[in-house]
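Sequence first, then the predicted structure, then my questions.
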Amino acid sequence: MSTERVVAICGGIGGAKLALGLYRLLPPRALTLIVNTGDDFEHLGLHVSPDIDTCLYTLSGLANQELGWGRADESWNFMAALKSIGGDTWFRLGDRDLALHVERTRQLASGRPLSAVIAGFADRLGLNAEILPMSEAPVRTLVDTDEGLLGFQDYFVRRRCAPRVRSISFDTAPDATIQPRARAALLAPDTTAIIICPSNPYLSIDPLLAVPGFAEALKGATAPVIAVSPIIGGSAVKGPTAKIMQELGVEPSAATVAAHYAGLIDGFLLDERDVALAAELSIPTRTADTLMTTLDDRIRVARAALEWAYQLP
């Protein structure tokens, strides 16, 4: 299998699962991850980058498998002390995890770009993959609900996705543009495949596509672009994807996801449980077991996605 460079576009836990499979399958330095930062926000005076950190922890083997976010072997003394003095505790930061947020905030305040901060963390964690933010400038996901306009974390964590979603938008900084190395990776002649991970299309992938220059770079790529369905049998494996689709007035179906990416992808990886939908899709489609519960599953789905990509023109 020829693997000069593979680019994965991801966000959330589902994206990190496939990213880990690709990381374990590919040779060192062959993988570039371009990660959603629409979830980033300021909390307790700290810059928090949930999706970036999930990728860092997942690839380095430090992820909290029980919670699905944060670090393993975590303790919560900081949160307990904060609660005792009446502090804001709806967004939980573990004692080990806190170190990453404090150091990121310090480096950003000194003028270091987010990509350089992330690269430093990845190097310290011994990672042999490039992890890039979608943009150096802020792009924030906003969710318009029946309770009003909410920032992503207010909707996702504080309100646990309970409000009904009316629309989703992105507040883009005036100077926001695609991160230069991310653009270069998408357009590089030695990039052999671009994989859109099975992340929530509306909350985790659309923020990247909203960054000026990102969709254009994806369309201009010479490498085949494959999307892996986040929907299996009309339901999301994890998270509110199906709920949001219903509330936005679209059918929670893998076919809907494929149509959502129309014009951006060359092929679609459909779960074998949804094989009946293949005839509905207007793009080349392959089926596979895309359910990822173990590390072997993640590697298997990564292999299926790459093999499909390499067979496309």
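Perfect, thanks for sending it.

Ends of stretch 273-293, what's the gap?
One end of stretch 273-293 to the other measures 16 Å (CA to CA, to the nearest Å).

distance between it and the chain's centre?
Offset of stretch 273-293 from its chain centre (CA atoms, centre = their mean, to the nearest Å): 21 Å.

Run through who's touching it.
Counting by CB atoms under 8 Å, 6 or more residues apart in numbering, stretch 273-293 makes contact with 17-18, 21, 198, 228-229, 231-233, 237, 253-255, 258, 262, 265-272, 297-298, 300-301, 304, 308, 312, all of which sit outside it. (C-beta placed from N, C-alpha, C; glycine too.)

Can you say which of those are buried?
Neighbour-count burial (16 or more other CB atoms under 10 Å) is assigned, among these, to 17-18, 21, 198, 228-229, 231-232, 237, 253-255, 258, 265-271, 297-298, 300-301, 304, 308.

Point out the other helices and strands that the host helix or strand of Ile194 packs with.
According to DSSP states H and E, Ile194 maps onto strand 193-196. Where contact means 3 or more CB pairs under 8 Å, 6 or more residues apart in numbering; DSSP states H and E, strand 193-196 is packed against strand 6-10, strand 225-228, helix 295-311.

pretty sure Lys219 belongs to a helix, no?
Yes: per DSSP: H, G, I helix; E, B strand; the rest coil, Lys219 lies within a helix segment.

Can you name the element that comes right after the helix or strand in which Ala99 is found?
Element membership of Ala99, judged by DSSP H and E, is helix 95-109. Using DSSP H and E, the helix or strand that follows helix 95-109 towards the C-terminus is helix 114-124.

So which bits of that next one are buried?
Quick answer for helix 114-124 (16+ other CB under 10 Å): 114-115, 117-119, 121-122.

Determine the angle, from 0 to 180 degrees, between that helix and helix 95-109.
140 degrees (axes from the mean of the first three to the mean of the last three CA atoms, to 10 degrees).

how about helix 114-124 as PDB, C-alpha atoms only?
Extracted C-alpha coordinates of helix 114-124, given in PDB (Å, rounded to 0.1, in the frame of the first residue of the first chain):
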ATOM      1  CA  LEU A 114      -1.700  27.800  17.900                       C
ATOM      2  CA  SER A 115      -0.100  25.400  15.400                       C
ATOM      3  CA  ALA A 116       3.300  25.800  17.000                       C
ATOM      4  CA  VAL A 117       1.900  25.200  20.400                       C
ATOM      5  CA  ILE A 118       0.200  22.000  19.200                       C
ATOM      6  CA  ALA A 119       3.400  20.900  17.500                       C
ATOM      7  CA  GLY A 120       5.300  21.300  20.700                       C
ATOM      8  CA  PHE A 121       2.900  19.300  22.600                       C
ATOM      9  CA  ALA A 122       2.900  16.500  20.000                       C
ATOM     10  CA  ASP A 123       6.600  16.400  20.100                       C
ATOM     11  CA  ARG A 124       6.700  16.200  23.900                       C
END
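
Show me what stretch 47-55 is in contact with.
Counting by CB under 8 Å, 6+ apart, 10-13, 15-16, 19, 33, 35-37, 39-42, 63, 69-70, 91, 93, 97, 100-101, 104-105, 108, 114, 118, 131, 133, 153, 204 sit against stretch 47-55.

Of those residues, just the buried ones, PyMOL syntax please.
Per 16+ other CB under 10 Å, the buried members of these correspond to this PyMOL selection:
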select buried, resi 10+11+12+13+15+16+19+33+35+36+37+39+40+41+63+69+70+91+93+97+100+101+104+105+108+114+118+131+133+153+204
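
Show me what the nearest residue to Ile232 once chain neighbours are set aside bridges to in the sheet.
Residue nearest to Ile232 in three dimensions, not counting chain neighbours: Asp271, with 4.5 Å by CB to CB, 6 or more residues apart in numbering. With DSSP bridges as the criterion, Asp271 is bridged to Ala288.

Quick one: name whatever helix or strand follows the strand holding Ile194.
helix 206-210.

what pairs with the residue lying closest to Ile131 once chain neighbours are set aside across the strands?
Nearest residue to Ile131 in three dimensions, chain neighbours excluded: Leu33, at 4.8 Å (CB to CB, 6+ apart). Here Leu33 sits in beta bridges with Ala8, Ile131, going by DSSP bridges.
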